[in-house]
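**Student:** pasting the sequence and the predicted model now:
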Amino acid sequence: MKLLVESQYFPSVTLMKKSIEVSNIKFDEYEPWRKMSFRNRCVVVGSHGAINLSIPVLEGREQKRLLKEVAIDNRKPWQAQHWKTITSCYNRSPWFAFFEPELAGLYRQPVELLHEWNRICLNWVVMKLGAPIHVDYLKYVPGEQDGVDESQVVDWRNKITPKSIQTDFPDPVRYHQVFEERIGFIPHVSILDLLFCEGKNARHILGSKA
């Protein structure tokens, strides 16, 4: 079986847990762009609570392009801003120094298309988790519905959204967060949070038997 989902920016802990459970994840980059999603947004945790990191896109949120065609608005210094926020949130976390050099380099890497950036982020996450996840991308076949054999996939496209994730997934992955004693535990945030807090133990927390 394969997990079919839309391309996302540093996916949530929730999605990565499901990815390990299924062990094969296929991303649909040919589906229509949708605003208010995790396609160009991830959530990190600061000293006062959850912080949304949102990638600006050309033609705005109301565009009708396929996700594969959505271009990042690099006129705005979003990479520098996001990295500054991540550093501020996690520079005291147990594993930040371990991941910092590579991740800082990633945020200096020029990229034009949103789906390309999301691929870079996902590949980095899978490598750092060291989990047995096979990553693939949907190949569009003209004349066929999505080019997907529905009997072979768990379709989670548009299942995890900023609105639904808190209500539709009542049993979040638990671990110790940096500011938990001050603000309480915040569930369903970006996989970056788990990596910075738990490091190499993250894959076992997500349920990996590898």
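**Tutor:** Right, received. Where do you want to start? Everything numeric here is computed off the predicted structure, so don't read it as measured data.
**Student:** and for the closest residue in space to Trp124 that isn't next to it in sequence, the neighbour number?
**Tutor:** Distances taken as C-beta to C-beta, 6 or more residues apart in numbering put Leu106 closest to Trp124, at 6.2 Å, once the chain neighbours are dropped. All C-beta atoms are positioned from the backbone trio N, CA, C, and that covers glycine. Per other C-beta atoms under 10 Å, the neighbour tally for Leu106 reads 17.
**Student:** let me know the pLDDT of Leu106.
**Tutor:** Looking at Leu106, its pLDDT stands at 97.
**Student:** how near is it to Val125?
**Tutor:** For Leu106, the distance to Val125 equals 11 Å [C-beta to C-beta, to the nearest Å].
**Student:** next one: Glu59
**Tutor:** Applying C-beta to C-beta to Glu59 and Val125 gives a distance of 28 Å.
**Student:** who has more neighbours out of these two?
**Tutor:** Neighbours of Glu59 and Val125, each counted by other C-beta under 10 Å, are more numerous for Val125; the result is 22 against 13.
**Student:** surely the more buried one is in contact with Leu195?
**Tutor:** Yes - with contact defined as C-beta atoms under 8 Å, Val125 reaches Leu195; the gap is 7.4 Å.
**Student:** least trustworthy helix or strand in this protein by mean pLDDT?
**Tutor:** Of all regular secondary-structure elements in the chain, judged by mean pLDDT, DSSP states H and E, the least confident is strand 153-155 with a mean of 87.
**Student:** how many residues are close by Trp95?
**Tutor:** For Trp95, the tally of surrounding residues (other C-beta under 10 Å) stands at 18.
**Student:** surely it is in contact with Gly199?
**Tutor:** Yes - here Trp95 lies in contact with Gly199, judged by C-beta under 8 Å, at a distance of 3.7 Å.
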